[in-house]
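Asker: Model the structure of this input:
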Amino acid sequence: VYSGNCWPSQEHQGQVVIRLPARVHLTAVTVQHISKEVSPPEIITSAPRDMAVFVSLCWAGIRPWGKARTGEEETLLGTFTYNVAKEPIQIFPLKAPLPRAFSHIKLVVKSNWGNPVYTCIYRVKVHGKMA
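Answerer: Okay, the predicted model is just below:
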């Protein structure tokens, strides 16, 4: 993980749908940013702050993969706050148990630590048991 080698989103919000290598019974998500000790001040403020993880039935193999249909609800699996004062790698448990496995998750970044131009995520890991 190197400073600037991240997935950036404009301003302080963003979202990404992550395709998993298999259908997974989800248990947790890990988010990583670079450590505060090696980060210039303008970079640490780009760390995500408030986030949420969602899934949809179309990502469980029940329907062909794709965006949630208009009006189709996504299920919130958890909200959490990444804390720049703690370790750069932070694990966040998700709601459990889920009745089915999913092949995609959506990570929504709702805010960052003050950078008005962009938000950076260096690494996201999804934990669970393969179906």
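
Asker: residue boundaries of the helices in the protein?
Answerer: 41-44 (DSSP state H).

Asker: Where does pLDDT dip in it?
Answerer: 1-2, 41-42, 59-72 (pLDDT under 70).

Asker: 90 instead, please
Answerer: 1-14, 16, 34-45, 56-75, 95-100, 103-104, 121, 131 (pLDDT under 90).

Asker: Give me the distance between the nearest residue to Phe92 once chain neighbours are set aside and Val29.
Answerer: Of all residues not flanking Phe92 in the chain, Phe80 sits nearest, at 4.1 Å (C-beta to C-beta, 6 or more residues apart in numbering). In this view, the C-beta of every residue, glycine as well, is placed from N, C-alpha and C. Distance, Phe80 to Val29, using C-beta to C-beta, to the nearest Å: 8 Å.

Asker: who has more neighbours, those two?
Answerer: Val29 (23 against 19; other C-beta atoms under 10 Å).

Asker: Would you confirm that that one contacts Ile89?
Answerer: No - Val29 is beyond contact range of Ile89, at 11.6 Å (criterion: C-beta atoms under 8 Å).
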